[in-house]
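In: return a 3D structure for these sequence lines:
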Amino acid sequence: MYWLVDCNHFYVSCERLFRPDLRQKPTVVLSNNDGCIVARSPEAKALGLPMGGPYFKWQDLIEQHRVAVFSSNYTLYGDISARIMSLIQDQYPNSEVYSIDEAFIHSPNPSMESAAALKERIAVEIGIPVSIGIGPTKTLAKLANRRAKKGSSICILRHKAKTDQILAKTPLDDIWGIGTRSVRKLNEHGIHTALQLARSPSELIRPLLRINGVRTALELSGTPCMQLEFQPPPRKSMVYSRAFGRKLSLLEDLEGMVSQYAHQLCRRMHTHNVTTTDLSLRLHPPYGQKRRRLGATSQILQPTNNPLILVPIALKMLRQLPFENQIWAKASLTCISLHHDSQNQSSLFGLPKTWDTKLLNSIKDIQKRFGSQAIVIGSEKRCQDGGMKQERRSPRYTTRMDELLCICLDAPAPNKTTISRRSH
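Out: Below is the predicted model of the structure:
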């Protein structure tokens with residue numbers, strides 16, 4: 001049997017972990033640059049605030065009901081997630097970290113008591129509420145989890161008769177891995193529910209949804225086709241894409257932001273031990289403007305993740321684009337040909353690989369000791385106020401010494417406890 005442990009409204013739960021005064025109060029978390037709503041508490045959902053809704057469109061309703069609003073604090077969320085996944089893997093080694101707030105577990109004899117015990121342990125030791133769905137396949141565990149979120153927070157699909165009743169009431173767009181286009185194709189062939197998909201022959205499903213659709217149908221019928229992945233599959237591509245903090249049009253400002261994004265992309269590649277032989281740049285106009293984005297691609301002779309090589313290449317592509325006299329809201333950098341470090345060959349005419357390694361390690365050591373901004377590419381400083389907006393970001397309570405949570409006891413009122421951010 002497969003379990004799916006899913007944290008409830010995870011980003012909001014992380015914020016409430018250090019703000020108990022917000023429990024039972026409507027709370028939302030915004031995306032990068034405080035653009036859209038990406039997490040909602042149940043109270044915020046009850047007000048009608050939509051997932052993905054632009055903040056500016058719903059600002060009046062948010063202010064009217066005094067909804068607590070937070071900027072994304074990914075440092076905090078990532079650390080809390082790591083603690084939860086470590087706890088799960090400590091108790092159930094046969095588990096897979098699926099996303100920042102989800103984990104699959106394979107356990108032969110699950111019970112309501114064992115699921116409740118894990119749920120309680122996470123709540124006591126970490127403080128995050130979770131829902132647990134259990135089924136004979138990963139797809140059915142995902143479906144059980146959806147029902148758990150609407151009910152008692154734990155749902156087990158063990159008996160076929162009960163499972164078929166639930167599948168008969170489940171529309172196709174509620175199935176894990178079935179998107180809008182797939183729903184249209186299946187509807188054209190008279191398939192409208194999960195039960196109908198589970199009972200459809202593979203000869204009908206394969207031409208419509210290919211092999212992944214066949215696997216989903218088999219999983220719905222109770223046949224496991226997806227095993228746990230203990231190691232993430234190797235990356236084939238990597239993207240770093242961000243909206244600017246403000247609209248940009250000057251070359252100097254665009255160079256500053258593109259340099260920052262290229263450097264961040266290099267850091268990601270270094271973290272995953274991959275290099276690239278290509279780099280693509282895209283500039284995006286503001287939302288609603290009927291202009292095409294601009295783009296360019298460059299090929300690289302020797303695989304690299306060195307920012308001293310990739311940042312100048314990104315800047316060269318930028319200067320070749322006809323971006324003048326127009327404003328831009330976003331840039332994205334993409335690598336689609338990634339190579340693992342262990343598979344790279346040195347170039348006959350390039351610098352020795354050890355030179356790259358020693359230099360990058362020195363830069364990382366300086367940044368680790370003195371901060372990420374202690375040493376940067378010079379062109380990164382050309383745009384001082386175009387960075388990501390985080391006007392409502394909470395402190396990074398668990399990873400920054402200067403942002404630790406402090407409990408201050410008021411001397412005149414011994415029974416009163418206040419929470420404040422630690423001062424420098």
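In: what pLDDT does the most centrally placed residue in the chain get?
Out: Nearest to the mean C-alpha position of the chain, counting by Cα atoms, centre = their mean, stands I100 at 6.4 Å. Here, the pLDDT recorded for I100 equals 93.
In: which residue packs closest to it, ignoring adjacent ones?
Out: Closest residue in space to I100, ignoring its immediate chain neighbours: S81 at 4.7 Å, by Cβ to Cβ, 6 or more residues apart in numbering. C-beta coordinates here come from the backbone N, C-alpha and C atoms, glycine included.
In: and for Q320?
Out: A296 (5.9 Å).
In: tell me the spacing between that neighbour and P234.
Out: Per Cβ to Cβ, to the nearest Å, A296 is found 27 Å from P234.
In: more neighbours: which of those two?
Out: Between A296 and P234, A296 has the larger neighbour count (other Cβ atoms under 10 Å), namely 16 against 11.
In: ok but the more buried one is inside a helix, no?
Out: No - according to DSSP: H, G, I helix; E, B strand; the rest coil, A296 belongs to no helix; its state is strand.
In: right, and it touches P322 too?
Out: No - in this structure A296 lies outside contact range of P322 using Cβ atoms under 8 Å: 10.6 Å.
In: mind listing the helices for this protein?
Out: Taking DSSP state H as the test, the helices found in the chain are 10-17, 42-46, 55-64, 74-91, 112-125, 138-150, 160-168, 180-188, 194-198, 202-220, 251-271, 307-320, 353-370.
In: the last one - contacts with which helices or strands?
Out: If I follow you right, that is helix 353-370. Where contact means 3 or more Cβ pairs under 8 Å, 6 or more residues apart in numbering; DSSP states H and E, helix 353-370 is not packed against any helix or strand.
In: next one: the second one
Out: Applying 3+ Cβ pairs under 8 Å, 6+ apart, we find helix 42-46 packed against strand 27-30.
In: so what touches the strand it packs on?
Out: Contacting residues not belonging to strand 27-30 are listed as 11-12, 15-16, 36-41, 43-44, 49, 55, 62, 67-72, 392 [Cβ atoms under 8 Å, 6 or more residues apart in numbering].
In: 7 Å instead, please
Out: Strand 27-30 is contacted from outside by 11-12, 15-16, 36-41, 44, 49, 55, 67-72, using Cβ atoms under 7 Å, 6 or more residues apart in numbering.
In: run the chain-centre distance for it.
Out: 15 Å (Cα atoms, centre = their mean, to the nearest Å).
In: what is the mean pLDDT for it?
Out: Per-residue pLDDT over strand 27-30 has a mean of 95.
In: next, count neighbours for V28.
Out: When counting by other Cβ under 10 Å, one arrives at 29 neighbours for V28.
In: likewise for A123?
Out: If you count neighbours by other Cβ under 10 Å, A123 ends up with 12.
In: enumerate every residue touching it.
Out: By Cβ under 7 Å, 6+ apart, the contact set of A123 is P129.
In: repeat that with 10 Å
Out: Going by Cβ atoms under 10 Å, 6 or more residues apart in numbering, A123 touches P129, V130.
In: measure stretch 149-167 end to end?
Out: 17 Å (Cα to Cα, to the nearest Å).
In: quick check: mean pLDDT of that stretch?
Out: 91.
In: how about stretch 245-252?
Out: Computed over stretch 245-252, the average pLDDT equals 85.
In: give the buried residues for it.
Out: For stretch 245-252, burial by neighbour count (16 or more other Cβ atoms under 10 Å) applies to G245, L248.
In: and stretch 359-371, by the same measure?
Out: L360, I363.
In: burial check on V239, number of neighbours?
Out: 13.
In: apart from its neighbours in sequence, what residue is nearest it?
Out: In space, V239 is closest to T334, 4.8 Å off (Cβ to Cβ, 6+ apart).
In: and that neighbour, what are its bridge partners?
Out: Partner residues in beta bridges with T334, using DSSP bridges, are V239, S280.
In: contacting residues for Y98?
Out: Taking Cβ under 10 Å, 6+ apart, one finds L4, V5, D6, M85, F104, K138, K142, L228, E229, P232 in contact with Y98.
In: touching, the fourth one and V5? I think so.
Out: The reference is to M85. Yes - assessed by Cβ atoms under 10 Å, M85 is found in contact with V5 at 9.3 Å.
In: any common contacting residues for the two?
Out: S95, Y98, D101, E102, A103.
In: reformat those as a markdown table; add distance to I313.
Out: As requested, the shared contacts of M85 and V5 are exported to a markdown table (distance: Cβ to Cβ, whole Å):
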| residue | distance to I313 |
| --- | --- |
| S95 | 40 |
| Y98 | 35 |
| D101 | 36 |
| E102 | 37 |
| A103 | 38 |
